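>>> Sequence first, then the predicted structure:
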Amino acid sequence: MTPLSVGSAVARPGEKVSGFIDVPDAADPGTRIPVTIATGVRDGPVLALVAGTHGSEPSPIVALQRVRAELDASELAGTVILVHVANVPSFQRRTIYRGPHDWKNLNRVFPGSPNGTASERIAHAVTTEVIDRCDCLVDMHSGDGNEALRPYAYWNKLGLDDAVDARARDLALAFGLDHLVIDRGRPRDAGASVFCSNTAHVRGKPAVTTEAGGLGVPTEDAVALNVNGAFRVIRYLGMLPGPREMVERPVWLEPSVVLTSPGTGTWHPAVAPDDRVEAGDLLGTLTDWFGDPLAEVRSPLGGVVLYVVASPAMSEGEPVAMVATPNA
Ligand SMILES: [Zn+2]
């Protein structure tokens, strides 16, 4: 096993070492991305587990602290890279969707740029220090600080390489969330890959985006789903001994739609995560500051509510809910 270095962390075989990827200051402030590398004693794949791409999604962040504590490098084949909080500025300032310095969504600026704004430099650091060094990746999200969510994962059916797509599907099934959105619309251009997991996928590295948790609170259930998911993927890849578990009865979801707010005001949801809706059903109402109705948002398709904004603050164009149709 050759020791891998990520930022300041270098782990020799059998070691688990933490450190930081430095993102230098530029026109706006830089940051330090906390990472852990566990290097096994036998050859195996390099798996990257990324939390905190959105800083107000703490369930995966807390989960990776637990994974770090429980991971025994002396039993491991291959290498696990944990990115504990990819977006530290967003975590520290408790921002949803966007970073506090440049007001950009980190998960929309990949592969980033070394000369860009804070979010773009973070994306570049994750691309070069983590994605370029791994064989496969899980980008672990939850509902953002304002979003109530039922757990699900995305299968990125990118269409560049069927073998990579099949491996990504199996990674998603290994993680263990039984609702899976089939996503065919992601960019195929490595220079404008936009999303963290897609940046790995366009480079031929199977990757999956998971969603478990929400509302800015790391509940025990949501943390456990993320911890279990991480270890299920590790065992699926043969990196630790133990059974390979896959979701036995996946609910494939296609089509799916993210509804956005037609205006700015206060949002009053009419549904909860995991509710079943018919086409035309009310998802929620937007009112003005005084409580008078401005607009209704209705589902254009029948299916399951994957997430819904559960807090009142709402700006025009922001997501209000996601609905996806189970594939019969
Ligand atoms: Zn997210």
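Looks like it arrived, so ask away.

>>> who touches the lowest-mean-pLDDT helix or strand in the chain?
When the helices and strands of the chain are compared on mean pLDDT, DSSP states H and E, strand 4-6 comes out lowest with a mean of 89. Applying Cβ atoms under 8 Å, 6 or more residues apart in numbering, the contact partners of strand 4-6 are 10-11, 19, 21, 35, 37, 39, 46, 79, 81, 129-130, 133. For every residue, glycine as well, the C-beta is placed using N, CA and C.

>>> can you do 7 Å?
Residues outside strand 4-6 that contact it (Cβ atoms under 7 Å, 6 or more residues apart in numbering): 21, 35, 37, 39, 46, 79, 81, 129, 130, 133.

>>> same thing with stretch 281-298?
By Cβ under 7 Å, 6+ apart, the list of residues contacting stretch 281-298 from outside reads 259, 261-263, 265-271, 280, 299, 308, 314, 320-321.

>>> Take the contacts of strand 4-6 and keep only those in strands.
Using DSSP state E, the members of the contacts of strand 4-6 that fall in strands are 21, 35, 37, 39, 46, 79, 81.

>>> would you turn those into CSV with neighbour count?
Formatted as CSV, the ones in strands among the contacts of strand 4-6 follow (neighbours: other Cβ atoms under 10 Å):
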residue, neighbour count
21, 21
35, 26
37, 25
39, 24
46, 22
79, 27
81, 24
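
>>> what's the most distant pair in the residues you listed?
21 and 39 (16.9 Å; Cβ to Cβ).

>>> need the residues of this structure near the ion, please.
Contact residues, the chain versus the ion (Cβ under 5 Å from the ion): 54, 141.

>>> what stretches of the chain score poorly on pLDDT?
Along the chain, the parts satisfying pLDDT under 70 run over 1.

>>> ok, now with 80
Within the chain, the set of residues satisfying pLDDT under 80 comprises 1-3, 328.

>>> Relative to residue 156, how far out is the residue nearest to residue 278 when sequence neighbours are not counted?
In space, and not counting its chain neighbours, residue 278 is closest to residue 302: 4.8 Å by Cβ to Cβ, 6 or more residues apart in numbering. For residue 302, the distance to residue 156 equals 24 Å [Cβ to Cβ, to the nearest Å].

>>> quick one, which of the two is more surrounded?
Legend: neighbour count by other Cβ atoms under 10 Å for residue 302 and residue 156, higher for residue 156 (27 against 14).

>>> The more buried one touches residue 181, doesn't it?
No: contact criterion Cβ atoms under 7 Å: residue 156 and residue 181 do not qualify, at 9.5 Å.

>>> Name the residue of the stretch 201-328 of the chain that lies nearest to the ion.
Among the residues of the stretch 201-328 of the chain, residue 211 lies nearest to the ion; the distance is 7.3 Å by Cβ to the ion.

>>> Report the contact partners of that residue.
Residue 211 sits next to 141, 142, 143, 149, 151, 152, 153 when contact means Cβ under 7 Å, 6+ apart.

>>> Residue 155: how many residues sit nearby?
The burial count for residue 155: 24, using other Cβ under 10 Å.
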